[in-house]
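In: below are the sequence and a predicted model for it; my questions follow.
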Amino acid sequence: MQTHGRLNGKVAVVTGGTKGIGQGIVLRFLKEGAAVVYCSRSAENNRENEALIAQIPGAAERARFVAADVGNRQQMEDLVNNAAEHFGRLDIVVNNAQGIAPVRSIENKPDADYSMTLMTGFYQSLWTSRAAVPHMRKVGGGRLIYFSSHWNIWGQPYSSDYNITKSANEALTRSAAREFGKDNITVNCITPAGDSWAYKSWAEQNREMAEASVRQFPMRRMGDCEIDIAGAVLGLCSDNGRFITGQVFCVDGGVWATAPLQMHEEGTDIHKGHSQATVELTA
Amino acid sequence: MGLIEGQVAIVTGAANELTQGIARRFAREGAKVVLVDRDQEAAQAVARTIPGAEARGADLADPAAARAIADAVKEAHGRIDILLNGAHAALKWERLAKKNAASDFTAAFHDVLLNALNMMQAVYPHMKAAGAGRIVNLGSIYGPTANEGVTDAVTMDFALTGLSRSAGVEWGKDGILVNFLQAAVPDIGVFADYRAGKGKSVETLIANTAMPRLADPVEDVGGAAMFLVSDEACFILGHRVLADGGQHLTAAIFEPGAER
């Protein structure tokens, strides 16, 4: 992987940066010269990152971990404002994190699941964007990156709360692109197919289905978090992305066009082996 | 070091000012650029202004001519990393009812779709053998935001959308990524002439765009093209990317065919 200093001098916030896609983005941004503030719910989650970041020359002083809950408005606003204060500016916010409820049919899914999923996904994006835009105006522009999902495109059964949240992020992408474009702030959304911790967890439990699914990818493989998914995020956040806004990008090896089988049984615990999100809801 | 240092890029339709902007950006990022146009003299004039660029003349509506170009570039430079199909239709800017639809659409079909298809097929064996390649088909903003008087451009945009998507799906396993780049109205000479005759209507439309300015061919459109041919978009294929500052979200595009 080549580095080109594409984010030299830039300051980025990445939510959920300690594993999977978020971790890939944090590491890639650091390698390209950015200062990166990232969060997870507990400092314990950051141990792996500390070791990985120590191996990137000069990155340790540009990396800053903050324990924060993406479902908490005050903590999200603080995350953004503290990043701008600590590093003296703010250029990029990547809303990667998302709380996920157990898969359940619409008939069986409690309202609390919808609230939790919207808070940790859509509201997180909204709160951090509101906090970030004034800082971005001060430096003459910025980049906002939200996340969507193929489940939303395909109406994945038993994940209606998640799909609705991702639709909300896509709608926010277009509205924010129009409202903030005059400030030279671009807003885009990523629909990733990466070997995230959630995907790995599912694939471990459904090996045959996972293999059949990848065979239907035009590129015949799942994306690498740092090379493939973070690569696209980097491009949109770099100078190359300066006139690209209001769009949803399927960073997925083309699977958006072929729609492979990927079906969960109702009640599958896709987080088996991982800590389940327990999110404090805020009004 | 540039993002595509040492790579070889074929850019077709190079007499077009927008396409040239992308070629300049490729060269700035370290690529050897081979400009192809039916008008070889025009391509040569452009090549003289781009460091290291060379020009070749060919009518790419002929598959044999396209193959000859690809084979010659491979022979001369040892590799073909990037193909940018940048030819635009010789559009008539007329309303459909007035058109000699058959001849206009046939011309547009040859200039845009067949040129792109023939060059894609011509570079495919070389890219497949290398296990890597990037193909970008250049379209306009007409597809997503149609207006009156641009039926052939809109139709060709959708044809390129389909070609890019299906080729992307077929060639992804070969490591060849095909995508469709749609650019907003660029700040180039042709548009300045058009704008001069339009009073304030163009300013009104620009002000209504998310990023209220015209596209710079090198920095804006060239930047988006770099996104697609560099290590950044290495897992994106069959996709539409708009280099338009959000113009696709706003009002109908400029109406080049409207009576003044």
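Out: Nice, thanks for sending it over.
In: what are the ranges of the helices in the chain?
Out: You didn't say which chain, so I picked chain A. A:20-31, A:47-54, A:73-87, A:111-118, A:124-138, A:150-154, A:160-180, A:197-205, A:207-215, A:230-237 (DSSP state H).
In: the chain in question should be chain B.
Out: Under DSSP H, chain B gives helices at B:17-28, B:40-47, B:63-77, B:101-108, B:115-130, B:142-145, B:151-171, B:189-196, B:201-207, B:222-229.
In: the longest one vs helix B:115-130, what angle?
Out: Regarding helix B:151-171 and helix B:115-130, their directions subtend 20 degrees when assessed with axes from the mean of the first three to the mean of the last three Cα atoms, to 10 degrees.
In: contacts only, for the closest residue to residue B:225 other than its chain neighbours.
Out: Leaving aside its chain neighbours, residue B:225 sits nearest to residue B:22 (4.6 Å; criterion: Cβ to Cβ, 6 or more residues apart in numbering or on different chains). (Each C-beta comes from the backbone N, C-alpha and C, glycine too.) The contact partners of residue B:22, taken as Cβ atoms under 8 Å, 6 or more residues apart in numbering or on different chains, are B:11, B:84, B:86, B:138, B:217-218, B:221-222, B:225.
In: out of those residues, which are buried?
Out: B:11, B:84, B:86, B:138, B:217-218, B:221-222, B:225 (16 or more other Cβ atoms under 10 Å in any protein chain shown).
In: touching chain B at all, the lowest-mean-pLDDT helix or strand in chain A?
Out: For chain A, scoring each helix and strand by mean pLDDT, DSSP states H and E identifies helix A:197-205 as the least confident one, at a mean of 84. No. Judged by Cβ under 8 Å from any Cβ of the partner chain, helix A:197-205 stays clear of chain B, getting no closer than 13.9 Å.
In: would you mind writing the CA trace of that helix as CSV?
Out: Extracted as CSV, the C-alpha positions of helix A:197-205 are listed here (Å, rounded to 0.1, in the frame of the first residue of the first chain):
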residue,chain,number,x,y,z
TRP,A,197,-16.0,-7.7,12.7
ALA,A,198,-19.8,-8.0,12.1
TYR,A,199,-19.2,-9.7,8.7
LYS,A,200,-16.5,-12.0,10.1
SER,A,201,-18.8,-13.0,13.0
TRP,A,202,-21.7,-13.8,10.6
ALA,A,203,-19.3,-15.6,8.1
GLU,A,204,-17.9,-17.8,10.9
GLN,A,205,-21.4,-18.9,11.8
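In: chain center to it: distance?
Out: 17 Å (Cα atoms, centre = their mean, to the nearest Å).
In: for that helix, packing partners?
Out: If contacts are counted by 3 or more Cβ pairs under 8 Å, 6 or more residues apart in numbering or on different chains; DSSP states H and E, helix A:197-205 sits against helix A:20-31.
In: run the chain-centre distance for the helix it packs on.
Out: With Cα atoms, centre = their mean, you get 10 Å for helix A:20-31.
In: dump it to PDB, restricted to CA.
Out: Once non-C-alpha atoms are left out, helix A:20-31 reads as follows in PDB (Å, rounded to 0.1, in the frame of the first residue of the first chain):
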ATOM      1  CA  GLY A  20     -13.100  -3.500  11.400                       C
ATOM      2  CA  ILE A  21     -13.800  -0.800   8.900                       C
ATOM      3  CA  GLY A  22     -13.400   2.100  11.400                       C
ATOM      4  CA  GLN A  23     -10.000   0.700  12.400                       C
ATOM      5  CA  GLY A  24      -9.000   0.500   8.700                       C
ATOM      6  CA  ILE A  25     -10.000   4.100   8.200                       C
ATOM      7  CA  VAL A  26      -8.100   5.300  11.300                       C
ATOM      8  CA  LEU A  27      -4.900   3.500  10.200                       C
ATOM      9  CA  ARG A  28      -5.100   4.600   6.600                       C
ATOM     10  CA  PHE A  29      -5.700   8.200   7.600                       C
ATOM     11  CA  LEU A  30      -2.800   8.200   9.900                       C
ATOM     12  CA  LYS A  31      -0.500   6.700   7.200                       C
END
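In: pLDDT of it, averaged?
Out: What helix A:20-31 shows for mean pLDDT is 97.
In: if we can go back for a sec, buried deepest among the helices of chain B, which one?
Out: helix B:222-229 (a mean of 28; mean count of other Cβ atoms under 10 Å in any protein chain shown).
In: need the contact partners of that helix.
Out: By Cβ under 8 Å, 6+ apart, the surrounding residues in contact with helix B:222-229 are A:235-236, A:239-244, B:3-4, B:9, B:21-22, B:24-26, B:29, B:81-82, B:84, B:134, B:136, B:138, B:177, B:179, B:181, B:183, B:216, B:232-233, B:236, B:241-243.
In: buried ones from the residues you listed, can you make that a PyMOL selection?
Out: Filtering the contacts of helix B:222-229 down to the buried ones (16+ other Cβ under 10 Å) takes a single PyMOL command:
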select buried, (chain A and resi 235+236+240+241+242+243+244) or (chain B and resi 3+4+9+21+22+24+25+26+29+81+82+84+134+136+138+177+179+181+183+216+232+233+236+241+242+243)
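In: in strands, which of the contacts of helix B:222-229 appear?
Out: Counted as lying in strands by DSSP state E, out of these, are B:9, B:82, B:84, B:134, B:136, B:138, B:177, B:179, B:181, B:183, B:241-243.
In: and for the residue lying closest to residue A:33 once chain neighbours are set aside, the neighbour number?
Out: In space, and not counting its chain neighbours, residue A:33 is closest to residue A:8: 3.6 Å by Cβ to Cβ, 6+ apart. Using other Cβ atoms under 10 Å in any protein chain shown, the number of residues around residue A:8 comes to 9.
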